[in-house]
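Colleague: Next come a sequence and a model predicted from it.
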Amino acid sequence: MPLHVTLDLPDEVLTALKTSPEKFVHEMRIAAAVKWFHGFPYRHFNQAQASSKRNLCVSRLWVVNASPIISLAKIQKTYLLSRLCQKFIIPAGVAEEVCAGEAIDPARQWIDSEGYQFIYKALVIDPLIESWDLGRGESEVLSFAMHNPGYEAIIDDRLARTCANSFKISVRGTIGIILLGKKSGEIRSVREVLKELNESGLRLDDQLISKALELGGELE
């Protein structure tokens with residue numbers, strides 16, 4: 001029978017540690033595994049660590065906008081979407097935007113071959129989100145995240161992220177997925193992936209690239 005432990009921590013603790021609840025829980029699991037498996041064969045510790053990563057992945061729920069799909073498809077890394085979270089959905093407006101590209105577009109091909117199964121059609125745009133005058137895809141992504149607690153909006157658009165912050169909607173962008181992929185062992189090098197994105201013709205924010213390279217180096 002699994003053991004469930006509940007910890008009540010003031011918000012000030014996480015602020016002082018400069019960490020998120022998700023990262024804190026992950027690090028607590030690893031620390032516990034080190035303590036519990038001290039003196040055990042190394043393979044048992046590896047199994048415990050892998051289990052911890054799987055449990056962390058299971059807790060993630062994503063609603064994805066067009067830009068991350070397009071970016072990851074260009075470098076053949078759309079698999080990160082399914083490997084790094086328990087479940088993700090693609091609003092119909094987002095799918096339509098992606099499929100508006102040419103038939104040879106990698107993102108459109110992915111939607112047609114694999115991504116179609118993740119399309120979510122029954123979605124209404126919230127009036128508060130609509131008032132921001134975002135694109136249909138961004139509005140559907142944020143509306144779904146707003147009304148489905150636990151879902152994180154996977155979105156790059158700056159105005160959409162500002163909107164999300166105003167409603168306290170959790171967001172993560174393409175670079176955030178890349179960093180998570182590095183941390184989870186799904187990709188080898190943040191620098192190499194960012195180089196691939198650049199060579200694919202995508203223009204990323206220079207400040208975000210610098211920060212990603214800095215954080216990526218810390219994960220090496």
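Modeller: That came in fine, so what should we check first?
Colleague: can we go C-alpha only for contacts and neighbour counts from here?
Modeller: Will do.
Colleague: could you pull out the strands for this protein?
Modeller: 61-64, 87-91, 119-120, 151-154, 171-172 (DSSP state E).
Colleague: May I see these arranged in a markdown table, with mean pLDDT, distance to Arg108 and mean neighbour count as well?
Modeller: Output for these, formatted as a markdown table (pLDDT from 0 to 100; distance: least, C-alpha to C-alpha, whole Å; neighbours: other C-alpha atoms under 10 Å):
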| stretch | mean pLDDT | distance to Arg108 | mean neighbour count |
| --- | --- | --- | --- |
| strand 61-64 | 98 | 15 | 26 |
| strand 87-91 | 97 | 13 | 22 |
| strand 119-120 | 96 | 13 | 18 |
| strand 151-154 | 98 | 18 | 26 |
| strand 171-172 | 96 | 22 | 19 |
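Colleague: Could you tell me what pLDDT the model assigned to Leu123?
Modeller: Leu123 carries a pLDDT value of 86.
Colleague: just Arg83 next, same as before
Modeller: In this prediction, Arg83 has a pLDDT value of 95.
Colleague: Glu12 too?
Modeller: Model confidence at Glu12, given as pLDDT, is 68.
Colleague: Put together CSV for the strands of the chain, with distance to Ile111 on each row.
Modeller: What follows is the strands of the chain, written out as CSV (distance: least, C-alpha to C-alpha, whole Å):
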stretch, distance to Ile111
strand 61-64, 12
strand 87-91, 10
strand 119-120, 9
strand 151-154, 16
strand 171-172, 21
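Colleague: Can you say which of these is nearest to Ile178?
Modeller: Proximity to Ile178 (C-alpha to C-alpha) singles out strand 171-172 among these, at 10.3 Å.
Colleague: Could you tell me the end-to-end distance of stretch 101-108?
Modeller: Stretch 101-108 has an end-to-end distance of 7 Å (criterion: C-alpha to C-alpha, to the nearest Å).
Colleague: again, but for stretch 161-180
Modeller: When the termini of stretch 161-180 are compared using C-alpha to C-alpha, they are 19 Å apart.
Colleague: Which of the residues in it are classified as buried?
Modeller: Neighbour-count burial for stretch 161-180 flags 161, 163-164, 169-180 (criterion: 16 or more other C-alpha atoms under 10 Å).
Colleague: picking up where we left off before, show me the one of the strands of the chain that comes nearest Val190.
Modeller: Using C-alpha to C-alpha as the measure, strand 171-172 is the one of those that comes nearest Val190, at 16.0 Å.
Colleague: which sections of this protein are below the confidence cut-off?
Modeller: Judged against pLDDT under 70, the low-scoring parts of the chain cover residues 1-7, 9, 11-24, 26, 29-58, 203-220.
Colleague: Mind doing that once more with 90?
Modeller: Counting by pLDDT under 90, the chain contains low-confidence ranges at 1-59, 101, 122-123, 191, 194-195, 197-220.
Colleague: Surely Gly101 is in contact with Arg108?
Modeller: Yes: the pair Gly101 / Arg108 is scored as a contact, 6.5 Å apart, by C-alpha atoms under 8 Å.
Colleague: Looking at those two, which one has more neighbours?
Modeller: Using other C-alpha atoms under 10 Å, the more surrounded residue of Gly101 and Arg108 is Arg108, with 24 against 14.
Colleague: how close does Gln109 get to Ile70?
Modeller: Gln109 sits 10 Å away from Ile70, going by C-alpha to C-alpha.
Colleague: more crowded one of these two?
Modeller: For Gln109 and Ile70, the more surrounded residue by other C-alpha under 10 Å is Ile70, and the numbers stand at 21 against 17.
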